[in-house]
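Novice: One predicted model, sequence on top.
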Amino acid sequence: MDYEKLLEEARKKLPESTLKHERFEVPKVRGHIQGNRTILSNFYQIAETLGREPEHLLKYILKELATPGELKKNAVIIGAKVPASRINQRIEEYAETFVICPECKRPDTKLIREDGFVFMKCLACGAKKNVRGKG
């Protein structure tokens, strides 16, 4: 067999997600300011897109914004007036730290705990990175 035929066979055997070259895009927050609070209506959708638990994402954002907040049935309530741009910036930072693989730049990762440490394991390339002190 020549190289081209072998390459074509290998491509057919690859999972579909590795064949796509689309850019991973984090949804922007949707919400409004009500009194002294900020209410985010699509927080669960963002957490699902990132493939992370909403509690973990919220803990990171609240810590970075230095403000209280809580998860409700279908929204997140932040105990301060926070512009969407600041929240979006923190979500992007979260994605860089806890979602995007530093080796292959794909979002196909999961967080695993081993011996008290948190690691990000890439399901696409197999890389494993310690995310200590940030989760």
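Specialist: It's in.

Novice: Now do the contacts for L50.
Specialist: Applying CB atoms under 8 Å, 6 or more residues apart in numbering, we find L50 in contact with V26, L57, I91, Y94, A95, F98, V99, P107. From N, CA and C alone the C-beta is placed, and that goes for glycine too.

Novice: Pull out the buried residues from those residues.
Specialist: V26, L57, I91, Y94, A95, F98, V99, P107 (16 or more other CB atoms under 10 Å).

Novice: Dump the residues you listed to a markdown table, plus distance to A124, pLDDT and secondary structure.
Specialist: Rendered in a markdown table, the data for these read as follows (distance: CB to CB, whole Å; pLDDT from 0 to 100; DSSP: H, G, I helix; E, B strand; the rest coil):
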| residue | distance to A124 | pLDDT | secondary structure |
| --- | --- | --- | --- |
| V26 | 18 | 85 | coil |
| L57 | 21 | 94 | helix |
| I91 | 21 | 94 | helix |
| Y94 | 19 | 93 | helix |
| A95 | 15 | 92 | helix |
| F98 | 16 | 91 | helix |
| V99 | 12 | 91 | coil |
| P107 | 9 | 89 | coil |
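
Novice: My guess is C101 contacts K128. True?
Specialist: No: C101 is beyond contact range of K128, at 9.7 Å (criterion: CB atoms under 8 Å).

Novice: Now do the same for the residue nearest the centre of the chain: its pLDDT.
Specialist: Closest residue to the average C-alpha location of the chain: L50 at 3.3 Å, with CA atoms, centre = their mean. Here, the pLDDT recorded for L50 equals 92.

Novice: helices and strands of this structure: which one bottoms out on pLDDT?
Specialist: helix 16-19 (a mean of 49; mean pLDDT, DSSP states H and E).

Novice: Identify all contacting residues around the helix or strand just after it.
Specialist: Remark: after helix 16-19, the chain's next helix or strand is strand 31-34, criterion DSSP states H and E. Applying CB under 8 Å, 6+ apart, the contact partners of strand 31-34 are T38, I39, L40, S41, N42, A75, V76, K81, A84.

Novice: Distance-wise, check the residue nearest to the first one when sequence neighbours are not counted relative to P68.
Specialist: Of all residues beyond its chain neighbours, the one nearest T38 is I78 (4.3 Å), with distances taken as CB to CB, 6 or more residues apart in numbering. Separation of I78 from P68 (CB to CB, to the nearest Å): 8 Å.
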